[in-house]
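S.K.: model this:
(2 chains)
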Amino acid sequence: MATAIEAAALLVTAAGVVVFLTAYAATRRIRTALPLLLDFLMAAGLMRLAGDLSWSGILLTVAIIAVRKVAAYGVAEKST
Amino acid sequence: MILSWEVLPEPDLREAIGILVRVVETAGALIIFLGACWAFGRFVATVVRGRGRAEGFNRIRLTLGRFLVLGLEFQLAGDVLRTAVAPSFTEIGQLAAIAAIRTALNYFLSREIAQERAEIESDAEAEPGRPAGAEAGTGTGRRKAP
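M.R.: Below you'll find the model as predicted:
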(Lines give C-alpha, C1' and ligand atoms only; values in the text may rest on other atoms or scores of the structure.)
Protein backbone atom coordinates (compact mmCIF):
# COMPACT_ATOMS: atom_id res chain seq x y z
CA MET A 1 0.00 0.00 0.00
CA ALA A 2 2.84 2.38 0.84
CA THR A 3 4.35 1.78 -2.60
CA ALA A 4 1.04 2.57 -4.28
CA ILE A 5 0.65 5.77 -2.27
CA GLU A 6 4.23 6.77 -3.08
CA ALA A 7 3.62 6.15 -6.80
CA ALA A 8 0.38 8.11 -6.72
CA ALA A 9 2.13 10.99 -4.93
CA LEU A 10 4.83 10.98 -7.61
CA LEU A 11 2.14 11.09 -10.30
CA VAL A 12 0.49 14.07 -8.60
CA THR A 13 3.88 15.85 -8.40
CA ALA A 14 4.45 15.26 -12.12
CA ALA A 15 0.94 16.53 -12.88
CA GLY A 16 1.71 19.64 -10.84
CA VAL A 17 4.85 20.37 -12.84
CA VAL A 18 2.95 19.93 -16.14
CA VAL A 19 0.13 22.16 -14.89
CA PHE A 20 2.60 24.82 -13.73
CA LEU A 21 4.44 24.93 -17.06
CA THR A 22 1.23 24.97 -19.10
CA ALA A 23 -0.43 27.62 -16.92
CA TYR A 24 2.66 29.81 -17.13
CA ALA A 25 2.81 29.38 -20.91
CA ALA A 26 -0.90 30.25 -21.19
CA THR A 27 -1.02 33.27 -18.89
CA ARG A 28 2.62 34.42 -18.59
CA ARG A 29 1.82 35.19 -14.97
CA ILE A 30 3.79 33.48 -12.22
CA ARG A 31 1.16 34.61 -9.74
CA THR A 32 -1.37 32.36 -11.45
CA ALA A 33 0.88 29.41 -12.24
CA LEU A 34 2.85 29.01 -9.00
CA PRO A 35 -0.11 28.47 -6.63
CA LEU A 36 -1.30 25.67 -8.91
CA LEU A 37 2.09 23.91 -8.63
CA LEU A 38 2.17 24.42 -4.86
CA ASP A 39 -1.33 23.01 -4.45
CA PHE A 40 -0.39 19.88 -6.38
CA LEU A 41 2.83 19.54 -4.38
CA MET A 42 0.89 19.87 -1.16
CA ALA A 43 -1.55 17.20 -2.32
CA ALA A 44 1.43 14.91 -2.98
CA GLY A 45 2.93 15.70 0.44
CA LEU A 46 -0.35 14.98 2.23
CA MET A 47 -0.67 11.67 0.40
CA ARG A 48 2.86 10.69 1.45
CA LEU A 49 2.05 11.52 5.04
CA ALA A 50 -0.76 8.94 5.05
CA GLY A 51 0.64 5.99 6.93
CA ASP A 52 4.15 7.39 7.16
CA LEU A 53 4.74 8.06 10.86
CA SER A 54 8.33 9.25 10.74
CA TRP A 55 9.99 12.51 11.70
CA SER A 56 11.56 12.84 8.26
CA GLY A 57 8.13 12.56 6.61
CA ILE A 58 6.70 15.13 9.00
CA LEU A 59 9.61 17.53 8.44
CA LEU A 60 9.32 17.15 4.67
CA THR A 61 5.65 18.05 4.77
CA VAL A 62 6.29 21.01 7.06
CA ALA A 63 9.02 22.20 4.67
CA ILE A 64 6.65 21.96 1.69
CA ILE A 65 3.95 23.89 3.53
CA ALA A 66 6.45 26.54 4.67
CA VAL A 67 7.81 26.95 1.13
CA ARG A 68 4.26 27.14 -0.16
CA LYS A 69 3.26 29.87 2.27
CA VAL A 70 6.46 31.88 1.75
CA ALA A 71 6.26 31.59 -2.04
CA ALA A 72 2.58 32.52 -2.09
CA TYR A 73 3.30 35.53 0.12
CA GLY A 74 6.28 36.57 -1.99
CA VAL A 75 4.40 36.29 -5.26
CA ALA A 76 1.43 38.22 -3.85
CA GLU A 77 3.77 40.97 -2.59
CA LYS A 78 5.56 41.15 -5.94
CA SER A 79 2.33 41.53 -7.87
CA THR A 80 1.01 44.39 -5.70
CA MET B 1 -11.82 -6.10 34.30
CA ILE B 2 -10.93 -9.73 33.74
CA LEU B 3 -13.94 -10.15 31.48
CA SER B 4 -12.95 -7.16 29.32
CA TRP B 5 -9.39 -8.48 29.13
CA GLU B 6 -10.68 -11.78 27.79
CA VAL B 7 -13.26 -10.30 25.43
CA LEU B 8 -10.98 -7.59 24.02
CA PRO B 9 -7.34 -8.66 24.26
CA GLU B 10 -4.98 -5.74 23.66
CA PRO B 11 -3.13 -7.22 20.67
CA ASP B 12 -6.43 -7.82 18.88
CA LEU B 13 -7.62 -4.31 19.68
CA ARG B 14 -4.34 -2.91 18.39
CA GLU B 15 -4.64 -4.92 15.20
CA ALA B 16 -8.25 -3.92 14.63
CA ILE B 17 -7.50 -0.23 15.15
CA GLY B 18 -4.44 -0.53 12.91
CA ILE B 19 -6.64 -1.86 10.11
CA LEU B 20 -9.21 0.89 10.68
CA VAL B 21 -6.50 3.57 10.64
CA ARG B 22 -5.10 2.19 7.39
CA VAL B 23 -8.55 2.14 5.79
CA VAL B 24 -9.40 5.69 6.89
CA GLU B 25 -5.99 7.13 5.92
CA THR B 26 -6.05 5.36 2.57
CA ALA B 27 -9.51 6.81 1.96
CA GLY B 28 -8.11 10.27 2.70
CA ALA B 29 -5.16 9.73 0.35
CA LEU B 30 -7.53 8.40 -2.32
CA ILE B 31 -9.75 11.48 -2.03
CA ILE B 32 -6.72 13.76 -2.42
CA PHE B 33 -5.49 11.72 -5.39
CA LEU B 34 -8.91 11.80 -7.06
CA GLY B 35 -9.09 15.56 -6.46
CA ALA B 36 -5.68 16.04 -8.07
CA CYS B 37 -6.68 13.87 -11.06
CA TRP B 38 -9.95 15.75 -11.40
CA ALA B 39 -8.17 19.12 -11.19
CA PHE B 40 -5.63 17.99 -13.79
CA GLY B 41 -8.41 16.82 -16.12
CA ARG B 42 -10.28 20.08 -15.77
CA PHE B 43 -7.09 22.04 -16.27
CA VAL B 44 -6.36 20.20 -19.53
CA ALA B 45 -9.95 20.74 -20.68
CA THR B 46 -9.73 24.45 -19.84
CA VAL B 47 -6.48 24.88 -21.76
CA VAL B 48 -7.63 22.81 -24.76
CA ARG B 49 -10.83 24.84 -25.07
CA GLY B 50 -8.77 28.00 -25.08
CA ARG B 51 -10.10 29.28 -21.76
CA GLY B 52 -6.69 29.41 -20.14
CA ARG B 53 -7.43 32.47 -18.05
CA ALA B 54 -6.39 33.17 -14.50
CA GLU B 55 -9.96 33.07 -13.20
CA GLY B 56 -10.50 29.62 -14.70
CA PHE B 57 -7.34 28.34 -13.03
CA ASN B 58 -8.39 29.88 -9.71
CA ARG B 59 -11.66 28.00 -9.89
CA ILE B 60 -9.76 24.75 -10.43
CA ARG B 61 -7.58 25.53 -7.39
CA LEU B 62 -10.69 26.23 -5.36
CA THR B 63 -12.09 22.79 -6.09
CA LEU B 64 -8.73 21.07 -5.54
CA GLY B 65 -8.57 22.86 -2.18
CA ARG B 66 -11.95 21.42 -1.25
CA PHE B 67 -10.73 17.92 -2.05
CA LEU B 68 -7.61 18.55 0.05
CA VAL B 69 -9.70 19.70 3.01
CA LEU B 70 -11.93 16.62 2.73
CA GLY B 71 -8.90 14.31 2.51
CA LEU B 72 -7.36 16.05 5.51
CA GLU B 73 -10.50 15.45 7.54
CA PHE B 74 -10.18 11.73 6.86
CA GLN B 75 -6.50 11.76 7.78
CA LEU B 76 -7.28 13.61 11.00
CA ALA B 77 -9.86 10.93 11.79
CA GLY B 78 -7.09 8.37 11.32
CA ASP B 79 -4.88 10.31 13.74
CA VAL B 80 -7.61 10.34 16.36
CA LEU B 81 -8.04 6.58 15.96
CA ARG B 82 -4.30 6.08 16.32
CA THR B 83 -4.20 7.84 19.65
CA ALA B 84 -6.29 4.97 21.04
CA VAL B 85 -3.32 2.61 20.84
CA ALA B 86 -0.24 4.84 20.76
CA PRO B 87 2.15 2.97 23.04
CA SER B 88 5.14 5.31 23.42
CA PHE B 89 5.83 8.98 23.95
CA THR B 90 7.71 9.09 20.64
CA GLU B 91 4.63 7.88 18.78
CA ILE B 92 2.39 10.24 20.69
CA GLY B 93 4.75 13.11 19.83
CA GLN B 94 4.71 12.19 16.15
CA LEU B 95 0.93 11.92 16.22
CA ALA B 96 0.68 15.32 17.87
CA ALA B 97 2.98 16.84 15.22
CA ILE B 98 1.02 15.30 12.34
CA ALA B 99 -2.32 16.27 13.86
CA ALA B 100 -1.05 19.84 14.38
CA ILE B 101 0.16 20.03 10.76
CA ARG B 102 -3.11 18.71 9.42
CA THR B 103 -5.22 20.95 11.63
CA ALA B 104 -3.20 24.04 10.67
CA LEU B 105 -3.38 23.09 7.00
CA ASN B 106 -7.09 22.55 7.26
CA TYR B 107 -7.47 26.02 8.76
CA PHE B 108 -5.29 27.72 6.13
CA LEU B 109 -6.93 25.87 3.26
CA SER B 110 -10.40 26.78 4.48
CA ARG B 111 -9.32 30.41 4.73
CA GLU B 112 -7.81 30.33 1.24
CA ILE B 113 -10.96 28.77 -0.17
CA ALA B 114 -13.06 31.54 1.40
CA GLN B 115 -10.70 34.20 0.00
CA GLU B 116 -10.64 32.61 -3.44
CA ARG B 117 -14.38 32.36 -3.45
CA ALA B 118 -14.76 36.01 -2.49
CA GLU B 119 -12.35 37.00 -5.29
CA ILE B 120 -14.29 34.99 -7.86
CA GLU B 121 -17.54 36.52 -6.66
CA SER B 122 -16.14 40.05 -6.84
CA ASP B 123 -14.76 39.32 -10.32
CA ALA B 124 -18.17 38.09 -11.39
CA GLU B 125 -19.76 41.25 -9.98
CA ALA B 126 -17.27 43.39 -11.86
CA GLU B 127 -18.13 41.74 -15.17
CA PRO B 128 -21.22 43.36 -16.68
CA GLY B 129 -24.25 41.29 -17.65
CA ARG B 130 -23.46 38.33 -15.41
CA PRO B 131 -25.11 37.52 -12.11
CA ALA B 132 -22.62 37.70 -9.22
CA GLY B 133 -23.31 34.38 -7.54
CA ALA B 134 -24.22 32.50 -10.69
CA GLU B 135 -21.18 30.26 -10.63
CA ALA B 136 -18.87 31.07 -7.78
CA GLY B 137 -21.62 30.99 -5.20
CA THR B 138 -22.94 27.57 -6.14
CA GLY B 139 -19.70 25.82 -5.25
CA THR B 140 -20.01 23.45 -8.19
CA GLY B 141 -17.02 24.98 -9.94
CA ARG B 142 -18.64 25.27 -13.35
CA ARG B 143 -16.75 27.21 -15.97
CA LYS B 144 -17.76 30.55 -17.27
CA ALA B 145 -18.73 31.04 -20.87
CA PRO B 146 -15.81 32.35 -22.96
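S.K.: buried ones in the helix or strand B:Glu125 falls within, by neighbour count?
M.R.: Element membership of B:Glu125, judged by DSSP states H and E, is helix B:89-126. Buried residues in helix B:89-126, counted by 16 or more other CB atoms under 10 Å in any protein chain shown: B:94-95, B:97-99, B:101-102, B:105-106, B:108-109, B:112-113, B:116-117, B:120-121, B:123-124. Placement of C-beta: from N, CA and C, glycine included.
S.K.: so the closest residue to chain B within chain A is in which element?
M.R.: Residue of chain A nearest chain B, by CB to the nearest CB: A:Ala26 (3.4 Å). Assessed by DSSP H and E, A:Ala26 sits inside helix A:2-27.
S.K.: nearest residue to the middle of chain A?
M.R.: Closest residue to the average C-alpha location of chain A: A:Leu41 at 1.8 Å, with CA atoms, centre = their mean.
S.K.: now for the helix or strand hosting that one, which elements pack on it?
M.R.: Per DSSP H and E: A:Leu41 is located in helix A:30-49. Applying 3 or more CB pairs under 8 Å, 6 or more residues apart in numbering or on different chains; DSSP states H and E, we find helix A:30-49 packed against helix A:2-27, helix A:55-79, helix B:10-48, helix B:54-82, helix B:89-126.
S.K.: can you list the residues of chain A near chain B?
M.R.: Proximity of chain A to chain B is confined to A:1, A:5, A:8, A:11-12, A:15-16, A:18-19, A:22-23, A:26-27, A:29, A:31-33, A:35-36, A:39-40, A:42-44, A:46-47, A:49-51, A:53-55, A:58, A:61-62, A:65, A:69 under the rule CB under 8 Å from any CB of the partner chain.
S.K.: which among the residues you listed end up buried?
M.R.: For these, a burial check counting by 16+ other CB under 10 Å picks out A:5, A:8, A:11-12, A:15-16, A:19, A:22-23, A:26-27, A:32-33, A:35-36, A:39-40, A:42-44, A:46-47, A:49-51, A:53, A:58, A:61, A:65.
S.K.: where does chain A have its least confident helix or strand?
M.R.: helix A:55-79 (a mean of 75; mean pLDDT, DSSP states H and E).
S.K.: can you list contacts of that one?
M.R.: A:30-31, A:34-35, A:38, A:41-42, A:45-46, A:48-49, B:94, B:97-98, B:101, B:104-105, B:108 (CB atoms under 8 Å, 6 or more residues apart in numbering or on different chains).
S.K.: which residues does the spatially closest residue to B:Arg66 that is not a sequence neighbour contact?
M.R.: Once flanking residues are discounted, B:Arg66 sits nearest to B:Ile113: 6.5 Å by CB to CB, 6 or more residues apart in numbering or on different chains. Residues in contact with B:Ile113 (CB under 8 Å, 6+ apart) are B:Leu62, B:Gly65, B:Arg66, B:Val69.
S.K.: the first one and B:Gln75, how far apart?
M.R.: Taking CB to CB, to the nearest Å as the measure, B:Leu62 and B:Gln75 are separated by 21 Å.
S.K.: for the second one, same thing?
M.R.: Distance, B:Gly65 to B:Gln75, using CB to CB: 15 Å.
S.K.: those two: which has the busier surroundings?
M.R.: B:Gln75 (28 against 23; other CB atoms under 10 Å in any protein chain shown).
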